[in-house]
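In: Dropping a prediction and its sequence here:
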Amino acid sequence: MNATGVFRRIALGIAFAGLASGGAWGAQDPAPTQQDVQQDKKDIRNDKKDLKNDRADRNADQRDINKDKRDVQSDKKDIRQDNRDIRNDKQDVSKDNGDIRKDSKDLKNDRADRNADQRDINRDKKDLARDDAKFGANSSEAKADRKDLSKDRTDRNKDQKDVNKDKTDLNRDRTERNQDVRDLNHDRADRNADAKDLHNDKKDLSADRKDRNKDQKDINKDKKDLHKDRADLRKDRRHK
């Protein structure tokens, strides 16, 4: 074999060795396009996960919004009922005050009648004592005085019963008025608490709407990212 043949054999051996080495390297390290495909698939999985999470957040926010709306409607209903209760309480207090004024007037009149009857009784006693001394106990004058005295005592006792009844009515009406005032104050406190709840529920509703809108924006962004990553995957597969 001449020298030319030897060198040719050596060159071919080196070439085959290089091809074998290159094949082994290619088996160990994927081509750049394969890496891109794998990364695209990973991005798509992440995008789907983000999209799923953001949709869950958006749906939870929507449920919160629906609950807030129900709370707002309930608070408004409570406030309307509280205002009706307050109006009724005011009417009750006004009626009670009218009853108290009437009872006070009746008591004043009955006391005046009772006192007048007592003065008549005192005068009748004086007349009876005078007529007994002047005409005798069995005289017509003395008998007339005794009759007047008995009648005035009956009137006085009746007026005293009216006075006692007026006092009872007055005390009862004052008790009812005081209870109605307490009810009025309680209903006002309830109305104020319900108004505060309404204000807080409106704030919660506004905050939940902002969260829902933000989550919807995130969903829209996730969809765009997903579409982009899918497009990148198709592109990398074509150039594989």
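Out: Yes, it's here.
In: and the helix or strand containing Gln34, what other elements does it pack with?
Out: Secondary structure assignment for Gln34, by DSSP states H and E: helix 32-135. Other helices and strands packing on helix 32-135, by 3 or more CB pairs under 8 Å, 6 or more residues apart in numbering; DSSP states H and E, are helix 140-238. In this view, the C-beta of every residue, glycine as well, is placed from N, C-alpha and C.
In: by how many degrees do the helix it packs on and helix 32-135 diverge?
Out: Counting by axes from the mean of the first three to the mean of the last three CA atoms, to 10 degrees, helix 140-238 lies at 180 degrees to helix 32-135.
In: when you give positions from now on, start the count at 322
Out: Shifting the count to begin at 322 puts that one at helix 461-559.
In: Give me the average confidence score over helix 461-559.
Out: Mean per-residue pLDDT for helix 461-559: 95.
In: Please determine how far the residue sitting nearest the centre point of the chain is located from Ser460.
Out: Nearest to the mean C-alpha position of the chain, by CA atoms, centre = their mean, lies Asp518 at 3.8 Å. As for Asp518, its distance to Ser460 is 86 Å (criterion: CB to CB, to the nearest Å).
In: Next: Glu497.
Out: To Ser460, Glu497 is 55 Å away according to CB to CB.
In: how does the chain divide into domains?
Out: The chain resolves into domains spanning 322-351, 352-559 when parsed by automatic domain parsing.
In: Need the winner for burial among those domains.
Out: Ranked by mean neighbour count under mean count of other CB atoms under 10 Å, the domains of the chain are led by domain 352-559, which reaches a mean of 15.
In: and it, how far out from the chain's middle?
Out: With CA atoms, centre = their mean, to the nearest Å as the basis, domain 352-559 stands 13 Å off its chain's centre.
In: try stretch 552-560
Out: Remark: stretch 552-560 is offset 57 Å from the chain centroid, using CA atoms, centre = their mean.
In: What mean pLDDT does the helix holding Gln355 get?
Out: For helix 353-456, the mean per-residue pLDDT is 93.
In: Who are the contact partners of the residue lying closest to Asp511 once chain neighbours are set aside?
Out: Of all residues not flanking Asp511 in the chain, Asp403 sits nearest, at 5.1 Å (CB to CB, 6 or more residues apart in numbering). By CB atoms under 8 Å, 6 or more residues apart in numbering, the residues touching Asp403 are Asp508, Arg509, Asp511, Arg512, Asp515.
In: where's the residue nearest to Asp396 when sequence neighbours are not counted relative to Val484, distance?
Out: Nearest residue to Asp396, sequence neighbours excluded (CB to CB, 6+ apart): Leu519, at 3.8 Å. Computed as CB to CB, the Leu519 to Val484 distance reads 52 Å.
In: Next: Ala450.
Out: Plainly put, Ala450 is 28 Å away from Val484 if you go by CB to CB.
In: What of Ser395?
Out: 52 Å.
In: Ok, Lys426 next?
Out: Using CB to CB, Lys426 is found at 13 Å from Val484.
In: cool, Phe456 as well?
Out: Shown here: Phe456 relative to Val484, a distance of 36 Å by CB to CB.
In: What of Arg467?
Out: Distance from Arg467 to Val484, by CB to CB: 26 Å.
In: same thing with Lys373?
Out: Taken as CB to CB, the span from Lys373 to Val484 is 85 Å.
In: Next, work out how far apart Val358 and Asp371 are.
Out: Taking CB to CB, one finds Val358 at 20 Å from Asp371.
In: So Asn459, which state does it fall into?
Out: Using DSSP: H, G, I helix; E, B strand; the rest coil, the structure places Asn459 in coil.
In: For it, grab phi and psi.
Out: Dihedral pair for Asn459: phi -100, psi 10, per degrees, to the nearest 10.
In: what residues are up against Asp490?
Out: Asp420, Asp424, Asp427.
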